[in-house]
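Enquirer: Predicted model, plus sequence, below.
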Amino acid sequence: MNRDKNSYVLIYAAVMVILAAVLLAGAAIVLRPAQQENANIDKMQQILRALGQSPDKSAVISTYKDLIKKELLVNEEGQVVKTFEGEEVGKSDAFNANTELSYKLIAKGEKQDLPVYVAEVNGKTLYVLPLNGAGLWNKIWGYIAIDAADHSTVDGADFGNAGETPGLGAEISTPHFSAQFKGKHIFREGAFTGIAVVKNGQKVEDKDYVDGISGGTLTSNGVNDMLAASLKPFQKFLETYNAQ
């Protein structure tokens, strides 16, 4: 073939593109298990932080399996539709549930089963509930641990963000912000109230609240909305279910 012809250049370029695509696809297939394992470990770390635990990365899986006794799927009526224990923990449909999508569908009026992680820490049974919402620039999420003894008292929380402003809205992911939730209640006198996030100096009379991030008002508002939308679907579960 005459290498000076345009057809040669086009064929050569096409072959190179195909080879590059094949190599990239192969690399993606080879790396996918490792990427998924890292994603699972990251999720476990977030759940464990909500439980006040921060093990080294090498110990995350073993610590998670030691503390998480059950992974549940619960429906809108508060009923447990599936329970996963033992070797299923960390691999179950509950663990792998796409809660971001589920909350969006719930907002549209569709019924969705949601995961609850049942933990035992220092003799205390805790329910870890997932949270998903939107911040100023991108999605935000979190986990909140509720004391099973009264189904209301927050034992810990952890929050993440995908693009909030460093030093401002991104401060929701710091221990300083999440520590405010410990000891707050999502029920008052038997009535579901949730927890509010308010501007520093403001007060709320009808529910427990925490201070928002200074200079991160819109992100704080996003956390407030996320808590309201994500906790409400668990109201009936918390009112009726007892894991002990």
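Expert: Okay, I see it.
Enquirer: what ranges do the strands span in this protein?
Expert: Applying DSSP state E to the chain gives strands spanning 68-74, 80-84, 114-121, 124-134, 139-147, 154-161, 187-188, 191-192, 195-198, 208-211.
Enquirer: for these, which one sits closest to Asp42?
Expert: strand 154-161 (9.0 Å; CB to CB). (Each C-beta comes from the backbone N, C-alpha and C, glycine too.)
Enquirer: ok, and what's touching that closest one?
Expert: 46-47, 49-52, 121, 124, 126, 131, 135, 138-147, 169-170, 172-173, 177-178, 181-186, 195, 219, 223 (CB atoms under 8 Å, 6 or more residues apart in numbering).
Enquirer: Format the CA atom coordinates belonging to that strand as PDB.
Expert: The C-alpha coordinates for strand 154-161 follow below in PDB (Å, rounded to 0.1, in the frame of the first residue of the first chain):
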ATOM      1  CA  VAL A 154     -28.900  10.300  67.100                       C
ATOM      2  CA  ASP A 155     -25.700   8.400  68.100                       C
ATOM      3  CA  GLY A 156     -23.600   9.700  65.200                       C
ATOM      4  CA  ALA A 157     -23.500  11.000  61.600                       C
ATOM      5  CA  ASP A 158     -21.300  11.400  58.600                       C
ATOM      6  CA  PHE A 159     -21.700  13.500  55.500                       C
ATOM      7  CA  GLY A 160     -20.100  13.500  52.100                       C
ATOM      8  CA  ASN A 161     -20.100  15.900  49.100                       C
END
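Enquirer: strands paired with it, and their directions?
Expert: Strand pairing for strand 154-161, determined by DSSP bridges: strand 139-147 (antiparallel).
Enquirer: Next, the angle from the strand it pairs with to strand 124-134.
Expert: 160 degrees (axes from the mean of the first three to the mean of the last three CA atoms, to 10 degrees).
Enquirer: And the average pLDDT for strand 139-147 is what?
Expert: In this model, strand 139-147 has an average pLDDT of 98.
Enquirer: List the buried residues of that strand.
Expert: Neighbour-count burial for strand 139-147, counted by 16 or more other CB atoms under 10 Å, picks out Lys139, Ile140, Trp141, Gly142, Tyr143, Ile144, Ala145, Ile146, Asp147.
Enquirer: Excluding sequence neighbours, find me the nearest residue to the second one.
Expert: The spatially closest residue to Ile140, leaving aside those adjacent along the chain, is Asn161, at 4.8 Å (CB to CB, 6 or more residues apart in numbering).
Enquirer: And the fifth one, by the same measure?
Expert: If the residues on either side of it in the chain are set aside, Tyr143 comes closest to Ala50, at 4.0 Å by CB to CB, 6+ apart.
Enquirer: Point out where this structure drops to low pLDDT.
Expert: Across the chain, residues meeting the criterion (pLDDT under 70) sit at 1-13, 21-35, 242-244.
Enquirer: can you map out the helices along it?
Expert: Here the chain has its helices, by DSSP state H, at 6-50, 60-67, 99-107, 175-178, 217-231, 235-240.
Enquirer: circling back to that earlier point, export the buried residues of strand 139-147 as TSV, with columns for distance to Glu71.
Expert: Compiled in TSV, these are given as follows (distance: CB to CB, whole Å):
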residue	distance to Glu71
Lys139	23
Ile140	23
Trp141	18
Gly142	18
Tyr143	13
Ile144	16
Ala145	14
Ile146	15
Asp147	19
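Enquirer: any idea which of the residues you listed is closest to Thr83?
Expert: Within those, the smallest distance to Thr83 is 17.9 Å, found for Ile146 (CB to CB).
Enquirer: Mind listing the residues bridging to that closest one?
Expert: Taking DSSP bridges, one finds Tyr127, Val154 as the beta-bridge partners of Ile146.
Enquirer: That one reaches Leu238, doesn't it?
Expert: Yes: when contacts are counted by CB atoms under 8 Å, Ile146 is listed as touching Leu238 (6.8 Å).
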